[in-house]
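# for reference, the sequence and a predicted model appear below.
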Amino acid sequence: MQQPRRTRVRTIEWNNGRVVMIDQRLLPTREVYRVYGTYREVARAIKEMVIRGAPAIGVAAAMGIALGVRSLRREELHREFDRICRTFAATRPTAVNLFWAIERMRRVYAENQNRDVETLRLVLEREARAIHEEDIAANRALGAHGAALLEDGTSVLTHCNAGALATAGYGTALGVIRAAIEAGKRISVYCTETRPFLQGARLTAWELKKDQIPATLLTDSMVGHFMKEGAIDCVVVGTDRTAANGDVANKIGTYTVAVLAHRHGIPFYVAAPTSSIDLGCPRGGKIPIEERDSREVTHIFDRQIAPSGIKIANPAFDVTPHDLVTAIITERGIARPPYWRSLPRVVKGEAVRAEPKSRAKSSGKREGHEKARRPAR
């Protein structure tokens, strides 16, 4: 077995009463770390995409809440704590990890609100740091479960960024890939550019190159061609919220990839830490979809690429129906259809049935097309 591969990405950290995060808007050309001393700065960083990815947003919110409490006096605590939590809840509506982390911090506050202020500050800081560490541990456990689905020589397609940058570290979809490589398997990756914010081109490609994982960058419109040619064995994506029936909200374009995978008989796996599974949401149609600034579509960085005045639609996410999802990988096991039955069991940590042998590696032909030559390693 290979030695574990060190992930060379530091997404977010608590450092001497400050929150430090890499500015993901500047990648891949500049690696800049921002230091935030107030909760409002952290909330703005979430809203403005300095940090993104559902698990990472949850960690940032928890740290931001702990940061906000540090400056409060006893007589301000109750009123201002609620205001702080509501500020973070308003930053990004789709990622359920955000609300999960806020509720967890609220619960700790409620359990300790009668203690002295200094103790309350310490327990909230400790909880935020625990959420950070638990996220990394959950990603590693999720990765180990998902790695079992990938055979040696598998070529994986991933969409958007569900790597260390989207989490406290290691990653969900990229965590599956990293774990498979750590297990000694030869894995290559196709990553989509992910218009309009280019998380695949800017972030996933950067992470894979940094960790020396063989990768090929595609424009979003190339996915069908490469699937038709047999170059892709499976798809692994992350999720910002998974409904109780297994419908999955992920970065816009994921639904298109899922439809193409279904057409070509390619397994479509979702890497979903249990903090991103919303059993209170019955189906994908109930998931709020964030509409982002039209400038993300009309401009690439500061360069305008579309005519002024054109009408713009910019939903940040789409919903992939559960019947297109082969399996949902969590840190507590793998859920398979019917998800309304398997997801609650996995979330509770109950034993799941043994998984059948993966279909993620083609034996040579798929849908009547010869398997394409893999990129050189």
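Perfect, I can see it now. Numbers count the residues shown, from 1 in each chain.
# residues in contact with Gly163?
Contact partners of Gly163, counting by CB atoms under 8 Å, 6 or more residues apart in numbering, are Val9, Gly171, Thr172, Ala173, Leu174, Gly175, Leu203, Thr204, Glu207, Leu208. All C-beta atoms are positioned from the backbone trio N, CA, C, and that covers glycine.
# switch to 10 Å and redo it
The contact partners of Gly163, by CB atoms under 10 Å, 6 or more residues apart in numbering, come to 7, 9, 11, 53, 139, 169-175, 177-178, 191, 199, 203-204, 206-208, 210-211, 238.
# can you give me phi and psi for it?
Here is the backbone geometry of Gly163 (degrees, to the nearest 10): phi -110, psi -160.
# rewinding a little: restricted to helices, list the contacts of Gly163.
Mapping these onto helices (DSSP state H) picks out Asn139, Ala173, Leu174, Gly175, Ile177, Arg178, Gln199, Trp206, Glu207, Leu208, Lys210.
# for stretch 241-252, output the C-alpha coordinates as CSV.
Backbone C-alpha positions of stretch 241-252 (Å, rounded to 0.1, in the frame of the first residue of the first chain) are rendered in CSV as follows:
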residue,chain,number,x,y,z
ARG,A,241,-27.9,19.4,0.1
THR,A,242,-29.4,15.9,-0.3
ALA,A,243,-33.1,15.4,0.3
ALA,A,244,-34.7,12.5,2.2
ASN,A,245,-35.7,10.8,-1.1
GLY,A,246,-32.1,11.0,-2.5
ASP,A,247,-32.5,14.0,-4.8
VAL,A,248,-29.2,15.9,-4.8
ALA,A,249,-28.6,19.6,-5.1
ASN,A,250,-25.1,20.3,-6.4
LYS,A,251,-23.4,22.9,-8.6
ILE,A,252,-25.3,23.9,-11.7
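# just checking: what are the partner strands of the helix or strand that contains Val270?
Val270 is located in strand 268-271, with elements delineated by DSSP states H and E. Paired with strand 268-271 in the same sheet, following DSSP bridges, are strand 234-237 (parallel), strand 327-330 (parallel).
# and the ones you listed as TSV, adding mean pLDDT?
Output for these, formatted as TSV (pLDDT from 0 to 100):
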stretch	mean pLDDT
strand 234-237	98
strand 327-330	98
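# how about TSV for those strands, with mean neighbour count added?
Output for the strands paired with strand 268-271, formatted as TSV (neighbours: other CB atoms under 10 Å):
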stretch	mean neighbour count
strand 234-237	26
strand 327-330	26
